[in-house]
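> pasting a predicted model and its sequence here:
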Amino acid sequence: MVGSGNDFIVISSKPSGNLPGLAKILCDRKYGIGADGVLLLEKSKKADINMRIFNADGSEAQMCGNGARCAALFYGKAKSRISTAAGTINALVSGSKVKIQLTEPKNIKLDIPLMVSGRKIKVNFINTGVPHAVVFVDGIDGIDLTQIGRVIRNHREFSPAGTNVDFVEVKGGNLIRVRTYERGVEDETLACGTGSTASALIFVLKSGADKLVRVATQSKELLNIYFQNDNGKFSNVWLEGSARIVYKGEYHV
C-alpha cells in the first residue's frame, strides 16, 4: 500500500518467527518486496484493529501516520479505531481520502541550539507519536538532506533513541514544503505523516497560522493538517491525505 508516497507492506495474519528480521528482508528493494516499512494488523480487544509498525531496518516504531491511514483503508470501514503503541487513534475513510486523529503532541521545544557539521543551527522538537526535529530552511531542494539529516538524527541532544528530522520551507499562506529523514529507514522518504504534522504544528507556533496547514511532500502530494491551538497546546489533531492498495500477492520466505 502507499500513503502519499510512503509505501508499506501490509500483513493481516501474524507470521511466525523473527519479525524484525523478516521486516528487513521484506523491505529490501532489490531482494525483497521493497517498502519503507511493514504494517502488521492484528485483532484488538480495545479497538477495531491493532497496528504494529516495523521499519525497513527491522526496528519497531510506536506510530506511523501514513501507515495508520493505509491500515484504515485496508480495514475497509468508513470509521474505525486503530490501536498503536503510541495510543488508540480514530480514522475516517472517504474513497481514497483517509483522515486520522493523532495522539496529542507533547515535549515541544523551540529553538534548540545545535552544532551540526561545524555550524550552529536552531532546531525545534515535538513528539507527534514519534519524535521529530524540525528545521526551517531556504532552498529546500538544494540541501544535502541525507548527510545533515543523519547528523541531527544521531545528535546527543536526542539520545539515546534518536529522532526523525524534518526540513521545512515556508511557501506562503498556510502552505509549507517538507522533506523528511526517517529514523528506521535511515534515508529520505517521499512523505511522512507524523513528520508533516510535526512540521505543521511548529510552523503554527512560529507563524500564528490557524486551523489548517497544507503540506507539500516530496512525492508532490498534499497532506492536510487540522488542529485546535489553545495558546500553544494542541488538541484534536487530524492528518488527511490519499492512500491506496497497489497490489496483493504472495512472498516466499
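Yes, it's here.

> pLDDT weak spots in the stretch 151-253 of the chain?
Along the stretch 151-253 of the chain, the model assigns pLDDT under 70 to no residue.

> ranges for the strands of it?
Counting by DSSP state E, counting those that start in this stretch, one finds strands in the stretch 151-253 of the chain at the ranges 164-172, 175-182, 187-189, 212-216, 222-230, 233-242.

> relative to strand 212-216, how tilted is the last one?
Going by axes from the mean of the first three to the mean of the last three Cα atoms, to 10 degrees, strand 233-242 is angled at 50 degrees with respect to strand 212-216.

> list the strands paired with strand 233-242, with their directions.
Strand 233-242 has these partner strands in its sheet, going by DSSP bridges: strand 97-101 (antiparallel), strand 222-230 (antiparallel).

> ok, and what's touching that strand?
Here strand 233-242 makes contact (Cβ atoms under 8 Å, 6 or more residues apart in numbering) with 3-4, 65-66, 69, 96-102, 104-105, 128, 191, 193-194, 196-197, 201, 204, 221-228. Heads up, the C-betas are built off the backbone N, CA and C, glycines and all.

> for the helix or strand containing residue 113, buried residues please.
Counting by DSSP states H and E, the element that carries residue 113 is strand 106-116. Along strand 106-116, these residues count as buried under the neighbour rule (16 or more other Cβ atoms under 10 Å): 108, 114.

> and the following helix or strand past that strand, which residues are buried?
Per DSSP H and E, strand 106-116 leads on to strand 119-127 as the next helix or strand towards the C-terminus. Of all the residues in strand 119-127, those buried under the rule 16+ other Cβ under 10 Å are 123-127.

> same list (these) but as TSV, adding pLDDT.
Output for the buried residues of strand 119-127, formatted as TSV (pLDDT from 0 to 100):
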residue	pLDDT
123	98
124	98
125	98
126	98
127	97
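
> closest one of those residues to residue 21?
The shortest separation between residue 21 and any of these is 27.9 Å, and it belongs to residue 127 (by Cβ to Cβ).

> picking that back up, looking at the strands of the stretch 151-253 of the chain, which is closest to residue 135?
strand 164-172 (5.4 Å).

> restrict that closest one to CA atoms and write it as CSV.
Once non-C-alpha atoms are left out, strand 164-172 reads as follows in CSV (Å, rounded to 0.1, in the frame of the first residue of the first chain):
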residue,chain,number,x,y,z
ASN,A,164,13.3,11.8,12.8
VAL,A,165,14.3,15.1,11.1
ASP,A,166,12.1,17.3,9.0
PHE,A,167,13.3,20.2,6.8
VAL,A,168,10.6,22.8,6.2
GLU,A,169,10.4,25.7,3.7
VAL,A,170,7.5,28.2,4.1
LYS,A,171,5.8,28.7,0.7
GLY,A,172,3.3,31.4,1.7
